[in-house]
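Visitor: Turn this into a model:
(2 chains)
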There are 2 protein chains.
Amino acid sequence: MSRELEEGTELKLDFTKLKKVANCGEDVLPAVAQDAKTGELLIVGYANQLALDTALAEGLATFWSTSRKELWIKGKTSGDTLKLVEIRVNCEQNSILYLVEPQGAGACHTKGASGHARSGCYYRKLEADGSLSFVAGRE
Amino acid sequence: MSRELEEGTELKLDFTKLKKVANCGEDVLPAVAQDAKTGELLIVGYANQLALDTALAEGLATFWSTSRKELWIKGKTSGDTLKLVEIRVNCEQNSILYLVEPQGAGACHTKGASGHARSGCYYRKLEADGSLSFVAGRE
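Guide: Next comes the predicted model:
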């Protein structure tokens, strides 16, 4: 991912995302991870049956990486795992919510000004002029 | 939607959801609505450019209905609108987060035991035996 996309203030939304996701070769649904204590929305990923089964077996938020096309136990490599507190499903049973307790620095792969991983991926907001700005404390 | 799917305790996840979404004829990305005050994750929907533009113009959380294939200003008909407080984007700019103030009964189209719309769609949790149970207070 480009630095401009992740650290810039220009809105460049990729509306083709779900077409790419659908072409990943797996049947997946959206899987949202939320901090069970703070309520912060950490990350939106995708899960197939294997990811859900693995999440239950490991007790860790698990996704299917639709870009790398592989199972993705969040933080398994970095140590920034998301311990599973509860799994919820929506009314229509076509998405899941992982309520989690982050065990490491943060759930986002980007680093903030402190040099540590950001707690979650939603660290920028859309301004009235169409630009992005960093949410206070998440620069 | 069937009552069993929405009010039942059997897990019947639709893992084909994103294939259907990708075939809706529009370029969309996930759009999550979260209660800005309580932190409750209300609903996961999808947005195209028109939905985002409409959200900004109306000040209301707006989605693209991938099943009805039309613009969907949440609650415009029922009165249960979600007033926009802020829009956030994720690191990779392929999803958006609507931080909202619910103006009506609730964001979910299902009704709880009280007869009112449920505040959000994630009112059931997955139990260890693989069944679903209702979250306390959201029956």
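Visitor: Going by C-alpha atoms from here, please, whenever you check contacts or count neighbours.
Guide: OK.
Visitor: List the buried residues of stretch A:53-64.
Guide: A:T54, A:A55, A:L56, A:G59, A:L60, A:A61, A:T62, A:F63, A:W64 (16 or more other Cα atoms under 10 Å in any protein chain shown).
Visitor: Adding secondary structure and pLDDT, write those residues out as JSON lines.
Guide: Shown next, in JSON lines, are the buried residues of stretch A:53-64 (DSSP: H, G, I helix; E, B strand; the rest coil; pLDDT from 0 to 100):
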{"residue": "A:T54", "secondary structure": "helix", "pLDDT": "98"}
{"residue": "A:A55", "secondary structure": "helix", "pLDDT": "98"}
{"residue": "A:L56", "secondary structure": "helix", "pLDDT": "97"}
{"residue": "A:G59", "secondary structure": "coil", "pLDDT": "97"}
{"residue": "A:L60", "secondary structure": "strand", "pLDDT": "98"}
{"residue": "A:A61", "secondary structure": "coil", "pLDDT": "98"}
{"residue": "A:T62", "secondary structure": "strand", "pLDDT": "98"}
{"residue": "A:F63", "secondary structure": "strand", "pLDDT": "98"}
{"residue": "A:W64", "secondary structure": "strand", "pLDDT": "97"}
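Visitor: Quick check: the farthest pair among the residues you listed?
Guide: Greatest spacing in the buried residues of stretch A:53-64, by Cα to Cα: A:G59 and A:W64 (15.6 Å).
Visitor: Could I get the contacting residues of A:A47?
Guide: Counting by Cα atoms under 8 Å, 6 or more residues apart in numbering or on different chains, A:A47 touches A:V28, A:L29, A:P30, A:A31, A:T62, A:F63, A:W64.
Visitor: now, which of those lie close to chain B?
Guide: A:V28, A:L29, A:P30 (Cα under 8 Å from any Cα of the partner chain).
Visitor: Tell me the one among those nearest to A:L5.
Guide: Ranked by distance to A:L5 (Cα to Cα), these are led by A:P30 at 22.0 Å.
Visitor: Can you name the helix or strand that that closest one falls in?
Guide: strand A:29-35 (DSSP states H and E).
Visitor: other SSEs contacting that strand?
Guide: Contact here means 3 or more Cα pairs under 8 Å, 6 or more residues apart in numbering or on different chains; DSSP states H and E; on that basis strand A:29-35 packs against strand A:41-47, strand A:96-102, helix B:17-22.
Visitor: Go again with 6 Å.
Guide: Here strand A:29-35 touches strand A:41-47, strand A:96-102, going by 3 or more Cα pairs under 6 Å, 6 or more residues apart in numbering or on different chains; DSSP states H and E.
Visitor: Run the chain-centre distance for the last one.
Guide: On the basis of Cα atoms, centre = their mean, to the nearest Å, strand A:96-102 is displaced by 10 Å from the centre of the chain it belongs to.
Visitor: got a list of contacts for it?
Guide: The contact list for strand A:96-102 (Cα atoms under 6 Å, 6 or more residues apart in numbering or on different chains) reads A:31-36, A:82-89.
Visitor: In TSV: those, plus distance to B:V135 and pLDDT.
Guide: Listed next are these as TSV, based on distance: Cα to Cα, whole Å; pLDDT from 0 to 100:
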residue	distance to B:V135	pLDDT
A:A31	18	98
A:V32	18	98
A:A33	17	98
A:Q34	16	98
A:D35	17	98
A:A36	14	98
A:L82	21	98
A:K83	20	98
A:L84	16	98
A:V85	13	98
A:E86	11	98
A:I87	11	98
A:R88	9	98
A:V89	11	98
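Visitor: which of these lies closest to chain B?
Guide: For the contacts of strand A:96-102, the minimum distance to chain B (Cα to the nearest Cα) is 4.1 Å, reached by A:R88.
Visitor: got a list of what that closest one touches?
Guide: With Cα under 6 Å, 6+ apart, A:R88 has these contacts: A:I96, A:L97, B:Y122, B:R124, B:K125, B:L126.
Visitor: got it, and A:Q103?
Guide: Shown in contact with A:Q103 (Cα under 6 Å, 6+ apart): A:D80, A:T81, A:L82.
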